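Enquirer: just to be clear, the model below is a prediction. Sequence and coordinates:
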Amino acid sequence: MSLRLQAHLGTLRQMEILLAVYDSGSVSGAAETLHLTQPTISMQLKKLADVIGFPLYNIVGRKVVFTEAGLEVVKSATEILDSFARLEMSLSDMGELKSGTLRLAVVTTSKYFIPHLLGPFCERYPNVAVQLNVGNRQQIIERLKQGIDDFYVFSHPPADLNTESIEFFNNPLVAIAQENHPLVSQDGVSLAELCEAPFLMRENGSGTRLAIERFMAKQGVKLNVKMTIESNEAIKHSVMSGLGVSILSAHTLAFGGNTGLAQLNVKELPINSNWYFLWLKSKRPSAIAQAFLTHVESEGREMLLTELAKHKL
């Protein structure tokens, strides 16, 4: 592909549409987000694909699956739109942070505390918009590879990508059961006893599952997994219903509620891990991203400690 052709890969609006489809995972979701009709979305992306000379995505069932070429265009479109966003901020604000968008992609469990960081930040900068994307560990890794967002939050960050990070907050994983479960009344529960109980596990791709599997392998024991469930909330309700025991982040319980649940006093637990903020080394941070990182490092930890003290299990 010639440099001249690359210079005309599509309008900014087509790039925005492409990223909206990528973010939402569907043409209908992008249409709703951008307040456009689905035929308009499809037509604009067809024009973009015609210019590039490769299909951008395929429809498999009801799911949009991006091609290799499509993912490359997503990556480039992200960089281009980020550059324009930084330029717009610089020209309109002349160094004073007033407006723009902060983009965060976070693993599922961190969604319970991230709002407590965003609240004071958005109060300080009321004209800053926030785009918060939530997924399991593998889904957020895919977003990180594309460089779509300003920051990514993991408890088990990938080691094979060119990133920078800060260790932000501890993330203890604790065992839980229905409040009337026989193990709750015991002064101490052995790991062997926990492994005998029906266990509710997070899905493949989950950071919580990864931590649990690594820990159990190190201990030389195997859980009695009876159900695989794709969300913390569904696991909590399943535990409340007496379907089994589980291991979740203490933050899921502290910030997300623990009615009907009890923490088991397992001698070998908690599983200790930490939360990390990551960003790509190759991506120049916007003024908003810099301001948020400063907020996280200077005030964020203390804010979360204060909130945790209010919501202890």
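Expert: Yep, that arrived.

Enquirer: where does the stretch 151-300 of the chain have low pLDDT?
Expert: Applying pLDDT under 70 to the stretch 151-300 of the chain picks out residues 256.

Enquirer: tell me where it has helices.
Expert: Assigned by DSSP state H, counting those that start in this stretch, the helices in the stretch 151-300 of the chain fall at 191-196, 207-219, 232-240, 250-256, 287-295.

Enquirer: please identify the deepest-packed of those.
Expert: Highest mean neighbour count of the helices of the stretch 151-300 of the chain: helix 250-256, a mean of 22 (counted as mean count of other Cβ atoms under 10 Å). (C-beta placed from N, C-alpha, C; glycine too.)

Enquirer: show me what it is packed up against.
Expert: When contacts are defined as 3 or more Cβ pairs under 8 Å, 6 or more residues apart in numbering; DSSP states H and E, helix 250-256 sits against strand 173-178, helix 232-240, strand 261-263, helix 301-310.

Enquirer: closest one to Leu104 among the ones you listed?
Expert: Checking those against Leu104 by Cβ to Cβ gives helix 301-310 as the closest, at 15.4 Å.

Enquirer: can I get the closest one in PDB, CA atoms only?
Expert: Extracted in PDB, the C-alpha atoms of helix 301-310 (Å, rounded to 0.1, in the frame of the first residue of the first chain):
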ATOM      1  CA  ARG A 301      -4.900   5.000  47.600                       C
ATOM      2  CA  GLU A 302      -6.000   7.000  50.700                       C
ATOM      3  CA  MET A 303      -9.500   7.400  49.200                       C
ATOM      4  CA  LEU A 304      -9.900   3.700  48.800                       C
ATOM      5  CA  LEU A 305      -8.600   2.900  52.200                       C
ATOM      6  CA  THR A 306     -11.200   5.300  53.600                       C
ATOM      7  CA  GLU A 307     -13.900   3.700  51.600                       C
ATOM      8  CA  LEU A 308     -12.800   0.200  52.600                       C
ATOM      9  CA  ALA A 309     -13.000   1.100  56.300                       C
ATOM     10  CA  LYS A 310     -16.600   2.000  55.800                       C
END
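
Enquirer: mind listing what's buried in it?
Expert: Neighbour-count burial for helix 301-310 flags 303-304, 307-308 (criterion: 16 or more other Cβ atoms under 10 Å).

Enquirer: which of those residues lies closest to Val106?
Expert: Ranked by distance to Val106 (Cβ to Cβ), these are led by Leu304 at 13.9 Å.

Enquirer: quick one: the closest one and Phe113 touch, right?
Expert: Yes: applying Cβ atoms under 8 Å, one finds Leu304 in contact with Phe113, separated by 5.7 Å.

Enquirer: overlap of the contact sets of these two?
Expert: Phe169 (Cβ atoms under 8 Å, 6 or more residues apart in numbering).

Enquirer: what's the closest of the buried residues of helix 301-310 to Leu261?
Expert: Leu308 (16.7 Å).

Enquirer: which stretches in the stretch 101-250 of the chain count as strands?
Expert: Taking DSSP state E, counting those that start in this stretch, the strands of the stretch 101-250 of the chain run over residues 128-135, 151-154, 163-170, 173-178, 198-202, 224-229, 246-249.

Enquirer: so which of these gets nearest Leu48?
Expert: strand 128-135 (21.7 Å).

Enquirer: now for the closest one, which elements pack on it?
Expert: Contacts defined by 3+ Cβ pairs under 8 Å, 6+ apart place strand 128-135 against strand 100-107, helix 114-124, helix 137-146.

Enquirer: could those go into JSON lines alongside mean pLDDT, mean neighbour count and distance to Val225?
Expert: Shown next, in JSON lines, are the helices and strands packed on strand 128-135 (pLDDT from 0 to 100; neighbours: other Cβ atoms under 10 Å; distance: least, Cβ to Cβ, whole Å):
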{"stretch": "strand 100-107", "mean pLDDT": "90", "mean neighbour count": "22", "distance to Val225": "21"}
{"stretch": "helix 114-124", "mean pLDDT": "89", "mean neighbour count": "16", "distance to Val225": "29"}
{"stretch": "helix 137-146", "mean pLDDT": "89", "mean neighbour count": "19", "distance to Val225": "18"}
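
Enquirer: how about the ones you listed, which one is nearest Val21?
Expert: helix 137-146 (13.1 Å).

Enquirer: list the contacts of the residue nearest the centre of the chain.
Expert: By Cα atoms, centre = their mean, the chain has its centre lying nearest to Val106, at 2.0 Å. By Cβ under 8 Å, 6+ apart, the contact set of Val106 is 114, 132-134, 140, 152-153.
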